[in-house]
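Quick one: sequence and predicted model below, then my questions.
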Amino acid sequence: MKLKKNQLLQLRGGKFPIDETVKLNLARKHQQLISAGPARFTGEAYTTSGLFIVEGRVSGELTMECARCLVKFPYCYDVAIKETFMDENQIEFDVDEEMEIHPLEDDEIDIIPYLEAALLLSLPHTLVCGEDCKGLCPECGTNRNEKDCGCVVERIDPRLAVLGELFGKQDK
C-alpha cells in the first residue's frame with residue numbers, strides 16, 4: 001500500500017482516511033508462523049510542519065504453531081502504528097534512528113514494511129495454543145492435551161543430581 005506524497009499535500013492540513021486490506025510478507029520472519037491471512041489497516045494519513053504522518057491499526061489473523069504441543073492454532077492481532085516521514089530533500093538536520101523519522105526518497109510512502117515490523121514486534125517470543133497446554137511427552141512424544149500416555153517423567157537438573165545421590169545414600 002503506497003500513499004502519494006502530493007495527494008497528502010493537497011489536503012492542506014486535512015486527513016486522508018485509509019481502510020484497506022493488505023498482504024503482509026511475513027514468511028520466515030517468526031519461528032512459529034505457519035501462514036498469514038490478509039491484514040486490515042484502518043487509519044489516516046496527514047501532513048503537519050513538513051512531516052508526513054501515518055497512524056492507525058493493523059489487524060488480522062495468523063496461523064501459528066504452539067511452542068509446547070506443535071499444534072496449529074489461530075492468533076488474532078490488533079496493533080497500533082504511528083509512523084512519521086520527512087522529505088529527504090527538505091531535511092535541514094541529520095535524522096538519526098532515535099528520532100523515528102523516516103526519510104522519503106521518492107514521491108510515494110510505502111507503509112507495508114512498517115506494518116510488518118509493528119506486527120512482528122508485537123508478537124510474544126513464544127506462543128502457546130492455550131495457557132493450560134500440557135505439551136508433548138518428552139519420553140514418547142504423545143500430545144498430552146489429547147491423551148495421557150502414562151509415561152513417568154522425573155526430570156532432575158543434572159547440576160543437582162549429585163545432591164540427589166547424596167540424600168539417597170543417607171536414607172539407606
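Okay, I see it. Numbering: from 1, shown residues only.

pLDDT score assigned to the closest residue to Thr126 other than its chain neighbours?
Nearest residue to Thr126, sequence neighbours excluded (CB to CB, 6 or more residues apart in numbering): Ala67, at 4.6 Å. From N, CA and C alone the C-beta is placed, and that goes for glycine too. Ala67 is assigned 92 on the pLDDT scale.

do Lys172 as well
pLDDT at Lys172 comes out at 45.

Poorly predicted segments of this protein, please.
Scanning the chain with the threshold set as pLDDT under 70 gives 6, 88-99, 168-172.

Nearest residue to the middle of it?
The centroid of the chain falls nearest to Leu120 when counting by CA atoms, centre = their mean (2.3 Å).

Please confirm that that one is located within a helix.
Yes. With DSSP: H, G, I helix; E, B strand; the rest coil as the criterion, Leu120 is part of a helix.

residues in contact with the residue nearest to Thr126?
32, 126-128 (CB atoms under 8 Å, 6 or more residues apart in numbering).

hang on, the earlier thing: ok, for the residue nearest to the centre of the chain, nearest residue in space, not its chain neighbours?
Lys29 (5.7 Å).

Hmm, Leu119 and that neighbour touching each other?
No. At 9.2 Å, Lys29 does not count as touching Leu119 under the criterion of CB atoms under 8 Å.

So if I had to pick from those two, which one is more boxed in?
Shown here are Lys29 and Leu119; by other CB atoms under 10 Å, Leu119 has more neighbours (23 against 14).

Nothing else from me, thank you.
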